[in-house]
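Participant: Structure here, sequence nowhere to be found:
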């Protein structure tokens, strides 16, 4: 077959509404489109005129799967704008909440969205028919992530306890202590998950990515630090606009994020892992090595193993934070608004999430810019699709289509998040 | 594997964050039991498998914001015996309904470089503005136990047991000291439907209205109290009512009254 078209109108097992389109002409990939038809919701527009303290509640609603990422990037931007410092136990609690989101989101993706592809199943319920015990344990692990979010955030989706300056209420040591036993089990099962994911079959497919992630001198990055890449970027969070831009593609309205100097880049677990392997706790590094991973990984299909390694990190980090916890005297620090621009970034489970706000002395937002992980990965997903299809033209239509979907799911894309991108498909005859 | 004996349940998405349908996957303890009682016939977030309608129950998440979606919802209604809207977007238009108080043409260039390519409606509207809806499940996000109760009730032919009183009542039942009276916090609890078990007051903050207006609310009286007793400015009052349920009529009218 010299000419063929692979089309998936509605991608399953991704968050949000998207499709994909690959056109092959004379045995060459002629066109690839990750088509996002999620309706735009205009967050950056209606944030104007809102009070700076409202951002964690409003931006959480961008994504039901990673609300803590939106809350964290937005409050960090506001605190930076207002010159407030949130450190010590309050900062540790923020990391703990983020660990809860990592466990919940990664386990959802590993077992419910990604593993079915490797096992030839339509969904997790099919897996449950063959491996009921595995799925039950996966659900239990996911729930422990959610339990952290419920205890610390008030609820697992759109937590209510995050505020600019800290929290509304902080837990007692005893309250956090109730998580220790479940988390100890969770750490064990996360290690088992690394082992399980390492047994899956991976296509031989490595790409020369430019990985971008936060990097922090003392810890595996969740928020704060600097942006770094394996191709030379090393910049402060507020220097983001100097190195990255959102670009217009001629035939589409999609805003693709690119490194100004070079083009497409890759954010997410593979980037974080490959740029911060030395910052992982020993238990996670050992598990990764045992699973056959090197200190960097350039096979996007293996992101499932890396998510499992990061789940080990999250369980371990949560246990560490709880063991060192001393209840702070006040649940938050005071933050006084001033006319300024603030930048905030954090590592959402699916990649770097950057926020920038300009606020007035009255505390009202004048301008907002939010760059979600999926928009940054859009270009890379398309280039992966082109490369993958180019190598596998001999596969049957059905198989190739499914594997193309898997190429997209490697990125755990969050299309609702990136919905201020809209890409129109134009047929080129 | 297709099981024709079990009632078919479908999940549909419009403009939303996915959080409400994620609630179903967050029912970790109940998921396998629920999945055993129904056939999940259309749930793209969780499965590649698509089973054709008609469906016993359709759960609809999200608001109508594009001409295409305004058409699509009719097809879903035709295929569904029970159609239930889940969450603030589907029941009230969601946070994206803040555009309804502005001109969306002013909004587009703030986000997009090529406004001419954006196909969007001037307003974000609830599903019930377009088709008859059998039941509305409130919340931003919904309470996942409400969802399990609702599916259970529909499949067993009984009325779902979902509270319609206020967050205030939940606070009283939990014995939480009133955050508005004792700490002077702005709280929408008196006019907001129950469902969260007074979550925010239990975390030392005022309710911000996730579950939308309760039955027969009196938001004007509440706003007068804020204005006269707590000295809130008019813009502060407007913002308080303009959250995830801003376009629900009682909240909309209260905010519009203070915008003048």
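Facilitator: Yep, that arrived. All of these numbers come straight from a predicted model, not from anything done at the bench.
Participant: Ignoring the adjacent residues along the chain, who's closest to residue B:178?
Facilitator: Nearest residue to residue B:178, sequence neighbours excluded (C-beta to C-beta, 6 or more residues apart in numbering or on different chains): residue B:171, at 6.8 Å. Bear in mind the C-beta positions are built from the backbone N, C-alpha and C, glycine included.
Participant: The closest residue to chain B within the stretch 101-250 of chain A pairs with what?
Facilitator: Per C-beta to the nearest C-beta, residue A:123 is where the stretch 101-250 of chain A lies closest to chain B, at 3.4 Å. Beta-bridge partners for residue A:123, by DSSP bridges, are residue B:47.
Participant: Could you say which helix or strand holds the residue in chain A that chain B sits nearest to?
Facilitator: The nearest approach of chain A to chain B comes at residue A:64, 2.3 Å away (C-beta to the nearest C-beta). According to DSSP states H and E, residue A:64 maps onto no helix or strand at all.
Participant: tell me the contacts of the residue lying closest to it once chain neighbours are set aside?
Facilitator: Excluding the flanking residues, the one nearest residue A:64 by C-beta to C-beta, 6+ apart is residue B:19, at 2.3 Å. Each residue near residue B:19 by C-beta atoms under 8 Å, 6 or more residues apart in numbering or on different chains is listed here: A:61, A:63-65, A:67, A:157-158, B:87, B:140-141.
Participant: separation between residue B:19 and residue A:257?
Facilitator: For residue B:19, the distance to residue A:257 equals 24 Å [C-beta to C-beta, to the nearest Å].
Participant: for residue A:179, same thing?
Facilitator: 36 Å.
Participant: more neighbours, these two?
Facilitator: Neighbour count, other C-beta atoms under 10 Å in any protein chain shown: between residue A:179 and residue A:257, residue A:257 has more, with 26 against 22.
Participant: thinking again about what came up before, look at the residue nearest to residue B:178 and report its pLDDT.
Facilitator: Looking at residue B:171, its pLDDT reads 97.
Participant: Check residue A:12 too.
Facilitator: 69.
Participant: do the same with residue B:120
Facilitator: 83.
Participant: three-state assignment of it?
Facilitator: coil (DSSP: H, G, I helix; E, B strand; the rest coil).
Participant: Would you check that it makes contact with residue B:65?
Facilitator: Yes - the pair residue B:120 and residue B:65 passes the contact test of C-beta atoms under 8 Å, sitting 5.8 Å apart.
Participant: what touches both of the two?
Facilitator: A:39-40.
Participant: Same drill for these two, tell me which one is more crowded.
Facilitator: A side-by-side neighbour count of residue B:120 and residue B:65, using other C-beta under 10 Å, places residue B:65 first with 29 against 24.
Participant: Can you tell me how far that one is from residue B:44?
Facilitator: 19 Å.
Participant: cool, and residue B:31?
Facilitator: For residue B:31 relative to residue B:44 (C-beta to C-beta), the value is 17 Å.
Participant: ditto for residue B:138
Facilitator: Relative to residue B:44, and taking C-beta to C-beta, residue B:138 is found at 24 Å.
Participant: Repeat that for residue A:111.
Facilitator: Residue A:111 is 17 Å from residue B:44, by C-beta to C-beta.
Participant: Among those two, which residue is more densely surrounded?
Facilitator: Comparing residue A:111 with residue B:44 by other C-beta under 10 Å, the one with more neighbours is residue A:111, at 26 against 20.
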